[in-house]
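Trainee: The sequence and its predicted three-dimensional model are supplied below.
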Amino acid sequence: MRQLIAGNWKMNGSYGALAAYAGDLKAGLARLGAVDLLVCPPDPLVRPLIEALGGAGGSVAGDDVKVAVGAQDCGEKRAGAHTGDVSADLLAELGARFVILGHSERRLDHHETNAMVRAKAEAAAGAGLIPIICVGESRAERAQDEAVTVVRAQLAGSLPDGFAGVVAYEPIWAIGTGTVPSLEQIMQIHEAIRAALVKQLGDAGATMHILYGGSVKPDNAQAILALPEVGGALVGGASLKAEDFLAIAAAATGG
Ligand code: PEP
C-alpha cells in the first residue's frame with residue numbers, strides 16, 4: 001500500500017513563510033519514491049499553499065510523488081448560521097482534498113464528541129473531502145490497559161456508516177511529547193484497529209489507510225512506517241520544517 005504522510009501544522013505557519021516552505025518541499029520531491037504527501041495548514045493558508053505548490057491541490061511533481069493540501073477541521077453543517085465555523089464545501093472549493101477530524105486537541109479543547117466528529121465526517125464526505133478521523137487513548141487509559149477499548153468505542157461512534165476515508169491512531173500521551181509507544185504497542189493497536197474496521201465496514205475496512213501519529217520524527221519514522229498495518233503517519237511538529245517532513249516521507253519508501 002502506498003503510504004500517506006500527512007502534516008498537521010496546527011495553529012502554526014504564516015502567510016509570509018509559505019513561499020519558502022513550498023519551495024523547499026518542491027525541491028525535495030524529486031528525491032522521493034512512491035509516497036503521497038499531505039499538508040494541512042490553518043484554513044487561511046489552504047489556497048495560498050496550493051498556489052505556492054503550483055497545483056490545484058493535486059500532483060505537483062508528476063505521477064509518482066503527490067502533495068495534496070487539506071484542512072484540520074470543518075463544520076458539522078454544510079452551511080448556515082454557525083459563526084466561526086468553516087464548511088467542508090468551502091474548503092473543497094478552495095482546493096482542499098482531505099480534512100483531519102476528531103484530533104485529540106479538538107476533542108479535548110473544544111469538547112468534540114464522537115457524534116460531532118461523525119457529523120463532520122458526513123459533511124466532509126458530502127463535500128467530496130476525504131476525512132482523516134483521529135482516535136487514541138490518554139495516558140491514564142493506557143495505564144489502565146484500556147487503549148483498545150477506548151479506540152474501538154471512538155471508531156464505533158465517530159465513523160459514519162459506509163465511511164470511506166483514513167483513520168489516524170494518535171495516542172494522546174505521544175502527541176508533542178517526544179514519547180513514542182514501543183513498536184510492539186503500535187503494532188498491536190493497529191491490528192486491533194484493522195479488525196474493528198473490518199467488522200464495522202467490511203471489505204472497505206480491510207484496505208483503509210491507518211496512520212500512526214505522535215512524535216514521529218526523521219529518526220524514528222522508518223521503524224514505525226515499516227510495521228504491518230501502518231499505512232503512513234500524521235505528523236505535527238516535524239511537518240513544520242520541509243526538510244524534516246521530507247525525511248519522514250523518504251523513510252516511508254525505505255529511506
Ligand atoms: C499531531 O498533532 O497530530 C501530532 C502527531 O503531533 P506531533 O507529531 O507533534 O506529536
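Mentor: Structure's in. What do you need?

Trainee: buried stuff in stretch 84-98?
Mentor: 85-92, 94-98 (16 or more other CB atoms under 10 Å). For the C-beta atoms, the positions are set from N, CA and C on the backbone; glycine is no exception.

Trainee: Also stretch 203-218?
Mentor: G205, M208, H209, I210, L211, Y212, G213, G214, S215, V216, K217, P218.

Trainee: in the stretch 51-200 of the chain, which spans are strands?
Mentor: Applying DSSP state E, counting those that start in this stretch to the stretch 51-200 of the chain gives strands spanning 65-71, 98-101, 130-135, 166-169.

Trainee: Need the contact partners of the longest one.
Mentor: Translated: strand 65-71. 6, 25, 29-30, 32-41, 43, 46, 49-50, 53, 55, 57-61, 86, 91, 95-100, 129-130, 132 (CB atoms under 8 Å, 6 or more residues apart in numbering).

Trainee: List buried residues within those residues.
Mentor: The neighbour-count test (16+ other CB under 10 Å) marks 6, 25, 29, 32, 35-41, 43, 46, 49-50, 53, 55, 57, 59-61, 86, 91, 95-100, 129-130, 132 as buried among the contacts of strand 65-71.

Trainee: Quick check: chain neighbours aside, which residue is closest to the residue in the stretch 101-250 of the chain positioned nearest to the ligand?
Mentor: The ligand sits closest to G236 of the stretch 101-250 of the chain, with a gap of 2.1 Å, by CB to the nearest ligand atom. If the residues on either side of it in the chain are set aside, G236 comes closest to N8, at 5.1 Å by CB to CB, 6 or more residues apart in numbering.

Trainee: my guess is V148 meets A192, correct?
Mentor: Yes. Contact criterion CB atoms under 8 Å: V148 and A192 qualify, at 4.7 Å.

Trainee: and the least confident helix or strand in the chain by mean pLDDT, which strands flank it?
Mentor: Counting by mean pLDDT, DSSP states H and E, the chain has its least confident helix or strand at strand 65-71, which shows a mean of 87. The strands beside strand 65-71 in its sheet (DSSP bridges) come out as strand 35-40 (parallel), strand 98-101 (parallel).
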